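>>> return atomic coordinates for the entry below.
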Amino acid sequence: MEQSFDLQKHIEQGVERIVADTIKATLKNPKESAFMLKFAAASKRASKTRLKLEEEGLHVPGFLIASITSRCNLHCAGCYSRCSNATNDDPAVEQLTAEQWLRIFREAEALGVSFILLAGGEPMIRRDILEQAGQMQNMLFPIFTNGTFFDEQYFSLLDQRRNLIPVLSIEGGREITNARRGSGIYECVSANMETFRQKGLIFGASITVTTENVEEVTSPAFLDTLAQKGCKLVIYVEFVPVTEEARHLAPGEAERAYMAKAMEALRKTYAEMVLLSFPGDELAMGGCMAAGREFFHINSHGGAEPCPFSPYSDVNVKDTSLREAIASLFQKLQSQGILSGEHVGGCVLYEKRDQVEALLAPGQ
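Reported below is the predicted structural model:
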């Protein structure tokens with residue numbers, strides 16, 4: 001019988017591979033090697049902390065997604081964040097300060113959270129928060145960025161704070177990336193990837209999978225390009241159709257079957273990369289991993305939400321601790337089976353948003 005894919009084990013093995021790769025490059029890049037060795041030890045300590053809290057009755061996910069700003073310089077076609085008004089061009093107001101985010105990061109570390117994914121909007125607009133995150137050397141901060149804000153000051157920060165790992169958004173090759181993200185974006189992102197390679201800095205790539213690019217972004221030609229630039233992490237996320245006009249872009253059964261087969265082959269061929277696919281990998285883990293099961297989301301105003309695609313909250317971390325936030329709406333979602341089942345696109349919570357909203361009604 002074929003064994004199911006163990007996502008947590010794959011991630012752990014991926015970290016081990018990155019550590020091994022950086023150790024080999026010690027003479028060229030001792031900073032990276034030293035940091036990854038320390039982080040591997042810190043990650044094991046964090047796992048023990050979560051296990052202890054689990055025994056006490058509190059399930060703490062190992063991941064947190066933090067959308068640290070509502071601003072973005074791009075207007076990508078079909079952007080779920082803009083369609084839900086989580087991202088807009090208005091002046092940012094009532095958003096968490098860098099000091100408040102640092103408090104959250106510290107609380108997360110105390111609970112055993114190892115990874116905090118920084119998102120937006122465009123997170124690199126908030127250099128002040130990234131500088132705070134850089135202080136948390138026992139945690140890894142993947143930064144989900146459109147890749148257009150890098151300058152020498154940022155490259156210097158990333159060199160000094162190796163726990164900050166940029167994950168650059170790309171849709172495939174030049175034509176399809178520029179069509180969705182804007183003219184010249186592919187060239188900008190590609191050039192920055194090359195700079196990362198030259199400077200010996202680790203980076204990853206984030207890819208929104210649609211019916212139009214699924215074959216291109218899983219092709220050996222595309223993966224070879226990323227590998228040659230030194231990419232160590234590739235995250236595939238299915239497109240979420242937040243408007244009826246964009247629904248045709250959401251992968252269906254055929255695309256998902258194609259994706260599953262491709263991922264199996266790619267993981268064998270590109271062993272030097274960590275390759276993740278959502279929600280494909282979630283199915284092997286028993287359903288959606290959001291709502292505190294394996295991760296949850298904090299928006300730029302402090303609202304604790306199941307995930308970025310499900311912007312519903314019944315608690316704000318401005319008013320309560322991170323520990324208390326975990327025990328809010330999330331437990332209802334986990335206990336009532338909303339995280340499982342078939343759905344269209346990359347988010348079961350978005351597809352079942354009526355049920356999520358019902359749980360927020362008074363008296364529920």
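>>> ok, now which ones touch N138?
38-39, 42, 45-46, 109 (CB atoms under 8 Å, 6 or more residues apart in numbering). In this view, the C-beta of every residue, glycine as well, is placed from N, C-alpha and C.
>>> pull out the buried residues from stretch 211-228.
212-214, 216-219, 222-223, 225-227 (16 or more other CB atoms under 10 Å).
>>> of the contacts of N138, buried ones?
By 16+ other CB under 10 Å, those give 39, 42, 46, 109 as buried.
>>> I116 is in contact with the third one, correct?
Spelled out, that is A46. No - using CB atoms under 8 Å, A46 makes no contact with I116, being 11.6 Å away.
>>> helix/strand/coil for the residue nearest to the spatial centre of the chain?
Centroid-nearest residue in the chain, with CA atoms, centre = their mean: L117, separated by 5.0 Å. Judged by DSSP: H, G, I helix; E, B strand; the rest coil, the three-state class of L117 is strand.
>>> that one contacts G62, doesn't it?
No - in this structure, L117 is not within contact of G62 by CB under 8 Å, at 11.2 Å.
>>> for S206, name its beta-bridge partners.
S169, I235 (DSSP bridges).
>>> which of the residues in whatever helix or strand T195 lives in are buried?
When elements are assigned from DSSP states H and E, T195 belongs to helix 185-199. If you call a residue buried by 16+ other CB under 10 Å, then helix 185-199 has these buried ones: 185-186, 188-190, 192-193, 196.
>>> ok, and what's touching it?
So helix 185-199 is contacted by 74, 146-148, 150, 155, 159, 166, 168-170, 173-174, 177-178, 202-203, 205, 226, 229-231 (CB under 8 Å, 6+ apart).
>>> in helices, which of the buried residues of stretch 211-228 fall?
Using DSSP state H, the subset of the buried residues of stretch 211-228 located in helices is 214, 216-217, 222-223, 225-227.
>>> now the end-to-end length of stretch 199-214.
31 Å (CA to CA, to the nearest Å).
>>> state the mean pLDDT of it.
Mean pLDDT, stretch 199-214: 92.
>>> and for stretch 41-61?
Mean predicted confidence for stretch 41-61 is 87.
>>> got the buried residues for that stretch?
For stretch 41-61, by 16+ other CB under 10 Å, it's 42-43, 46, 49-50, 53, 60-61.
>>> kindly export it (C-alpha atoms) in PDB.
C-alpha atoms of stretch 41-61 as PDB (Å, rounded to 0.1, in the frame of the first residue of the first chain):
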ATOM      1  CA  ALA A  41      18.700  23.200  17.400                       C
ATOM      2  CA  ALA A  42      16.100  26.000  18.200                       C
ATOM      3  CA  SER A  43      13.500  24.300  16.100                       C
ATOM      4  CA  LYS A  44      13.900  21.000  18.100                       C
ATOM      5  CA  ARG A  45      13.500  23.000  21.300                       C
ATOM      6  CA  ALA A  46      10.300  24.600  19.900                       C
ATOM      7  CA  SER A  47       8.900  21.300  19.000                       C
ATOM      8  CA  LYS A  48       9.300  20.100  22.600                       C
ATOM      9  CA  THR A  49       7.600  23.300  23.900                       C
ATOM     10  CA  ARG A  50       4.600  22.600  21.600                       C
ATOM     11  CA  LEU A  51       4.400  19.000  22.700                       C
ATOM     12  CA  LYS A  52       4.400  20.000  26.400                       C
ATOM     13  CA  LEU A  53       1.600  22.500  25.700                       C
ATOM     14  CA  GLU A  54      -0.300  19.800  23.800                       C
ATOM     15  CA  GLU A  55      -0.200  17.600  26.900                       C
ATOM     16  CA  GLU A  56      -1.600  20.500  28.900                       C
ATOM     17  CA  GLY A  57      -4.500  20.800  26.500                       C
ATOM     18  CA  LEU A  58      -3.400  23.600  24.200                       C
ATOM     19  CA  HIS A  59      -2.600  22.800  20.600                       C
ATOM     20  CA  VAL A  60      -0.100  25.300  19.200                       C
ATOM     21  CA  PRO A  61       0.600  25.300  15.400                       C
END
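>>> and which of the buried residues of stretch 211-228 is nearest to A257?
Here the nearest of those to A257, counting by CB to CB, is V214; it sits at 10.6 Å.
>>> how close does that closest one get to R323?
Separation of V214 from R323 (CB to CB, to the nearest Å): 40 Å.
>>> so L140 makes contact with S114?
Yes - the criterion here is CB under 8 Å, and L140 meets it with S114 at 6.5 Å.
>>> what do these two both touch?
Residues touching both L140 and S114 (CB under 8 Å, 6+ apart) are S43.
>>> what are the boundaries of the strands in the stretch 201-350 of the chain?
204-209, 233-238, 274-278, 295-298, 304-305 (DSSP state E, counting those that start in this stretch).
>>> output the ones you listed as TSV; include the columns mean neighbour count and distance to R267.
As requested, the strands of the stretch 201-350 of the chain are exported to TSV (neighbours: other CB atoms under 10 Å; distance: least, CB to CB, whole Å):
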stretch	mean neighbour count	distance to R267
strand 204-209	24	15
strand 233-238	22	10
strand 274-278	21	5
strand 295-298	23	21
strand 304-305	26	31
